[in-house]
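Asker: Based on what follows, work out the 3D shape:
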Amino acid sequence: MKIKTAFIFLFAATLISVSCKKESNTKYCWQVVDPFGQELHSVCNKTVSEMQAAYPNQCSYYKIGDEYCWLIDDSIFIPNKPEDYIARYMHCYGNFSSYKKVACDYCQRWFTRQKTTYKPNNTFSFSPVYVKQYCGDTVHTLSQGKEIILRETADSLIIIQFSNNGIF
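Answerer: As a prediction, this is how the structure comes out:
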């Protein structure tokens with residue numbers, strides 16, 4: 001009985017060892033980035049250890065793979081990046097606590113401006129145009145040209161205008 005148990009243990013250890021060695025010998029394509037996260041060039045047919053030797057700073061590359069859209073700490077939206085990029089981003093670029101895969105239309109950037117209408121003479125003025133990111137259900141309520149009343153007084157009407165292309 002002890003021989004069977006020892007044989008099973010040895011067999012399992014061998015399988016684990018072989019699978020670990022196979023993973024460490026797997027070659028991938030990598031994207032090399034500068035210190036600001038800008039993509040420089042790609043490198044292919046390199047193992048994890050070869051990349052670590054060539055690029056000691058783990059923040060200077062990431063493994064190219066299936067691309068998804070991500071939401072980090074429920075506020076930072078990053079489109080079309082593989083999971084390895086996000087894991088390195090979390091480590092290299094700040095103190096982030098969570099990330100999740102989201103649909104790529106989950107967050108959108110919209111141009112907004114405030115329009116103030118002076119009622120007595122029907123004149124109006126506009127604030128500067130801002131770009132703001134909206135996520136979740138809010139995105140599905142916005143449309144080109146949508147206007148939302150912020151407040152109305154006896155002599156003025158203040159609205160927010162939305163544009164998806166910067167043309168109001």
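
Asker: Going by C-alpha atoms from here, please, whenever you check contacts or count neighbours.
Answerer: Will do.

Asker: Now do the buried residues in stretch 104-122.
Answerer: Residues of stretch 104-122 classed as buried under the neighbour-count rule (16 or more other C-alpha atoms under 10 Å) are 106-108, 110-118.

Asker: Can I get those residues in CSV including distance to residue 143?
Answerer: What follows is the buried residues of stretch 104-122, written out as CSV (distance: C-alpha to C-alpha, whole Å):
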residue, distance to residue 143
106, 15
107, 14
108, 11
110, 9
111, 11
112, 12
113, 14
114, 16
115, 17
116, 20
117, 22
118, 25
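
Asker: Spell out the residue ranges of the helices in the protein.
Answerer: Counting by DSSP state H, residue ranges of the helices within the chain are 2-24, 48-54, 83-92, 137-141.

Asker: average pLDDT across the last one?
Answerer: Read it as helix 137-141. Per-region confidence: helix 137-141 scores 92 on mean pLDDT.

Asker: can you give me how far that helix is from the chain middle?
Answerer: Centroid displacement of helix 137-141 relative to its chain, using C-alpha atoms, centre = their mean, to the nearest Å, is 19 Å.
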